[in-house]
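What would the 3D arrangement of this be:
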Amino acid sequence: MPVEESSELIADCVHTTEEGFKNWTTKRRIGRRKVSRSIPGRAVRALEAAWHFSRAIAKPMNRFVTIRPSDIDECTPVERIEIWQRWRNRLAQFARDNGFPFTSIWTRESEPDTGRKEHLHLLMHVPRKRLAQFDELMAAWDGGTEQILNEPADYGTKVTDTGRYKNVFNYLTKNSPQAAYKRKRYFRSGGPILGKRFGTTANIGGKARAVAEVRGGLRRDLGLAPASAASTTYASHKRGISIYDGNSGKTPVFTTEMSPSKIPGNSNYPSKTEKAA
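Model prediction:
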């Protein structure tokens, strides 16, 4: 099946330089946007709840995508925000084109202190019948540049020789000293990031989980049978077992983020501009 060509998909940066971003890595805020250096522990718990919830609603995270544009260091911090938004839009467009809800969790990382080599990690659900098509599309987008890494993902947890729990979610959220404090969890110092450092799609966000939990509670109170898999509730992290301290699981999950805007064209086929080229 034809897929979208890779030309111009990586080179998103227009290479502008603004005096306002001089020494931005040492600042706490630029305008209304915050410069963060780690993921708060509370945020990691919320992301973990979303990770499990995606499996509860039959949308388990089964693909782990990492995007590392080679020219990202030439982009301003604001341009980087726009680049990652466009990439998430592209993935959301693939989901829409193929008739399934975009379900995802994502985080941004960079080198400590310098903010260089910024990249995006994203866990995403792809239906089984679309996996081969998705993998082919990711390879086409990458075009042999090794700037896009697409890997299978699950909920399995391994214990390392040092006794630490290793799974895809812990790797996704490794820039959190609070989450790793006094826990057998993988940790790596994070670098400065302007704007949102992490996020989820709306269908597995806090509001969606709260609504599902209320519905599940009403069914229990009324003595009704549990809902189908698509409507299954999952207890919040306050009542669940944290992946930090829990036993090994067998099925990791990936989630995706809902896109606020639709990009033109169908992601499964080359655009008119690309065909003309």
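
tell me the SS of the residue positioned nearest the centre of the chain?
For the chain, residue 106 is the residue whose C-alpha lies nearest the centre (CA atoms, centre = their mean; 1.9 Å). For residue 106, the assignment made with DSSP: H, G, I helix; E, B strand; the rest coil gives strand.

and what of the one 10 residues further on?
Assigned by three-state DSSP, the conformation of residue 116 is coil.

Now do the contacts for it.
Counting by CB atoms under 8 Å, 6 or more residues apart in numbering, residue 116 makes contact with 73, 110, 191. The way it works is simple: take the backbone N, C-alpha and C, and place the C-beta from them, glycine included.

any idea how far residue 140 is from the second one?
Looking back up the chat, that one is residue 110. 27 Å (CB to CB, to the nearest Å).

mind listing the helices for the stretch 151-277 of the chain?
168-172, 177-180, 206-221, 272-276 (DSSP state H, counting those that start in this stretch).

Just the CA trace of the longest one, in PDB.
Output in PDB follows, covering the C-alpha atoms of helix 206-221 (Å, rounded to 0.1, in the frame of the first residue of the first chain):
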ATOM      1  CA  GLY A 206      -7.700  12.900  33.900                       C
ATOM      2  CA  LYS A 207     -11.300  13.900  32.900                       C
ATOM      3  CA  ALA A 208     -11.800  10.700  30.900                       C
ATOM      4  CA  ARG A 209     -10.500   8.600  33.700                       C
ATOM      5  CA  ALA A 210     -12.700  10.300  36.300                       C
ATOM      6  CA  VAL A 211     -15.900   9.900  34.100                       C
ATOM      7  CA  ALA A 212     -15.100   6.200  33.600                       C
ATOM      8  CA  GLU A 213     -14.600   5.700  37.300                       C
ATOM      9  CA  VAL A 214     -17.900   7.400  38.200                       C
ATOM     10  CA  ARG A 215     -19.700   5.200  35.600                       C
ATOM     11  CA  GLY A 216     -18.100   2.100  37.000                       C
ATOM     12  CA  GLY A 217     -19.100   3.100  40.500                       C
ATOM     13  CA  LEU A 218     -22.700   3.700  39.500                       C
ATOM     14  CA  ARG A 219     -22.800   0.200  37.900                       C
ATOM     15  CA  ARG A 220     -21.500  -1.300  41.100                       C
ATOM     16  CA  ASP A 221     -24.000   0.600  43.300                       C
END
